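Trainee: here are the coordinates; sequence isn't available:
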């Protein structure tokens, strides 16, 4: 329990530090509120869209697809090619 509380406190401190950093960077332009609102909008969109996008690739403990097919390791590898490929493209573009 102690470790999760430490992580939560560290996460809160990190979030506050990022917001202060954004305020310091954007305050000369008077765009501070817009940048903070866009940052929170992007976070909110990510928390909503990520589970929706990942839900078709997560099967849980049953190892059975929605169609009733039993997942073998080969079928699981085949199904994970799309999300890992998308991630690879994003990582290459980012660098």
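Mentor: The structure has been received and is ready for your questions. Only a predicted model underlies this, so the values are computations on that prediction, with no experimental measurement involved.

Trainee: and residue 64, what does it touch?
Mentor: 70-71 (C-beta atoms under 8 Å, 6 or more residues apart in numbering). Bear in mind the C-beta positions are built from the backbone N, C-alpha and C, glycine included.

Trainee: count the residues that sit near residue 82.
Mentor: By other C-beta atoms under 10 Å, the residues close to residue 82 number 11.

Trainee: whoops, I mixed them up, residue 7
Mentor: 10.

Trainee: can you pull out the helices in this structure?
Mentor: 2-26, 32-54, 73-94 (DSSP state H).

Trainee: need these in TSV (columns: mean pLDDT).
Mentor: As requested, these are exported to TSV (pLDDT from 0 to 100):
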stretch	mean pLDDT
helix 2-26	82
helix 32-54	85
helix 73-94	85
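
Trainee: in JSON lines, list those along with distance to residue 66.
Mentor: Formatted as JSON lines, the helices of the chain follow (distance: least, C-beta to C-beta, whole Å):
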{"stretch": "helix 2-26", "distance to residue 66": "33"}
{"stretch": "helix 32-54", "distance to residue 66": "15"}
{"stretch": "helix 73-94", "distance to residue 66": "12"}
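
Trainee: out of those, which comes closest to residue 65?
Mentor: helix 73-94 (8.1 Å; C-beta to C-beta).

Trainee: can I see the domain layout of this protein?
Mentor: Annotated domains of the chain cover 1-58, 64-95 [automatic domain parsing].

Trainee: tell me how far the residue of the chain most remote from its centre lies from residue 16.
Mentor: No residue in the chain sits farther from the centre than residue 28, which is 30.5 Å out by C-alpha atoms, centre = their mean. Using C-beta to C-beta, to the nearest Å, we find residue 28 at a distance of 21 Å from residue 16.

Trainee: ok, residue 26 - how many residues close by?
Mentor: 15.

Trainee: check contacts around it.
Mentor: 32, 34-35 are the contacts of residue 26 under C-beta under 8 Å, 6+ apart.
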